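>>> quick one, what's the 3D model for this:
(one chain, ligands or ions: 1)
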Amino acid sequence: MSDSSGAEEQQLLKLRDKIDSLDLDIQKLISERARCAQEVAEVKMKSSHAENVVFYRPEREAQVLTRVMERNEGPLANEDMARLFREIMSACLALEQPLKVAYLGPEGTFTQQAALKHFGSRVITRPMPAIDEVFREVEAGAVNYGVVPIENSTEGVVNHTLDSFLSSNVFISGEVELRIHQHLMIGPNTRLDNITRVYSHQQSLAQCRKWLDAHMPLAERVAVSSNSEAAKRVHSEWNSAAIAGSMAAELYDLQLVYEKIEDHPDNSTRFLIVGKNRSKPSGRDKTSIIVSMKNEPGALYSLLKPFDDHEIDMTRLETRPSSHGNWTYVFFIDFIGHMEDDNVQAAMRDIREKAVEIKELGSYPEAVL
Ligand SMILES: O=C(O)C(=O)C[C@]1(C(=O)O)C=C[C@@H](O)C=C1
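Sure, this is the predicted structure:
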């Protein structure tokens, strides 16, 4: 052994000793934290009937993660540090109650990725074949929460989700934003120059339109029910490729041949968490409501004016035809603030005077991660 490699070994030994001792401390602290969470569960169980206990507290989780990011001094990135705490909380919550979460499936979709990003990996995820079935599972109490897509930065709003809110009584308890990266993938027996067909969900095909025009102009584009379905199909087809996310590639054992082929690199999708409970204020919240207005001149103005009067920042306004009659409309509105805030309550009073109906979809913490 040369002198220099001997010195390197010594240095490594010393540093690894230090890491071992830090790991010991971290592990002890994590166990102590987990025991605290168990005590929290006991307190919650004492104060309500067994079937009504709400273990998951989105406002508290948002506060914990926000604080982790605020006090982070590096060298780990804020998001990496928060993701570690996300997993610790996920494991602590699983000690209190293993959460069941339905999502728009099948397995391997971006919605499943969003569910895991929001709740951490200790939740039990259940794929559903359609958005309205996610809502139904939540309403029936078969799962604790549901995750559905609501809007994509390039393709716009997901109307099935908006329409499901009209006919359902669930509350929104959180939002998740996911950067969407689309990859071109092929099965083990496929050669790149044999590809004559590309499968994907129609939104993903649209998100990669320019890339496909430039790189695979002759390949037939076939829209299927989900990106995962596309990945499943190409596994056994020698002449086709799929566009999907990396989870689908892993699930169906496909090879990524071109990565991040979406036309807009900042392509992201927002998802909502739906459940049966209202969330308490976290300090940084959003609220969603549905309002139906009389079809008369100035209706939209009188709906928007209270937001201005009470200095409320509106973040989204969507219009959908109402199911109650031709040419009447409902408005889906998101704004910053919580239903318990004074200015929000004042604005709601003003809107109620003019509206035919208001449905509160809930106040929930703004996405942290
Ligand atoms: O503070 C609580 O209510 C807890 O149950 C503890 C805890 C945590 O691990 O910090 C776990 C689950 C909740 O969703 C929020 C936070």
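
>>> for the rest of this, base every contact and every neighbour count on C-alpha atoms.
Fine.

>>> number of nearby residues for the closest residue to E96 other than its chain neighbours?
The shortest distance from E96 to any non-neighbouring residue, by CA to CA, 6 or more residues apart in numbering, is to A41 (5.5 Å). By other CA atoms under 10 Å, the residues close to A41 number 19.

>>> and A41, what element?
helix 3-47 (DSSP states H and E).

>>> again with S121
Applying DSSP H and E, one finds S121 in no helix or strand.

>>> E296 now?
Using DSSP H and E, no helix or strand contains E296.

>>> got phi/psi on it?
phi -140, psi 160 (degrees, to the nearest 10).

>>> pretty sure I290 sits in a strand.
Yes: per DSSP: H, G, I helix; E, B strand; the rest coil, I290 lies within a strand segment.

>>> so it sits against G362, correct?
No: I290 lies out of contact with G362 (CA atoms under 8 Å); the separation is 10.2 Å.

>>> neighbour count for those two, which is higher?
It is G362, of I290 and G362, that has more neighbours when counted by other CA under 10 Å, with 23 against 20.

>>> what sits opposite the more buried one in the beta ladder?
S288 (DSSP bridges).

>>> for it, give its distance to L304.
For G362, the distance to L304 (CA to CA, to the nearest Å) stands at 19 Å.

>>> ok, D263 next?
Distance from D263 to L304, by CA to CA: 34 Å.

>>> neighbours around the residue in the stretch 151-300 of the chain that the ligand sits nearest to, how many?
Going by CA to the nearest ligand atom, the ligand is nearest to S279 of the stretch 151-300 of the chain, at 11.0 Å. Residue crowding around S279 was assessed by other CA under 10 Å; the count is 23.

>>> and it, what pLDDT?
Per-residue pLDDT puts S279 at 96.

>>> give me the phi and psi for it.
The phi/psi pair for S279 (degrees, to the nearest 10) is phi -100, psi 150.

>>> kindly report the same for the one 4 residues further on.
Backbone torsions of G283, given as degrees, to the nearest 10, read phi 100, psi -20.

>>> try Y252
Residue torsions, per degrees, to the nearest 10, at Y252 are phi -110, psi 10.

>>> now it, nearest residue through space, not along the chain?
Y252 sits nearest to K232 (CA to CA, 6+ apart), 6.0 Å away.

>>> nearest residue to the middle of the protein?
V176 (3.2 Å; CA atoms, centre = their mean).
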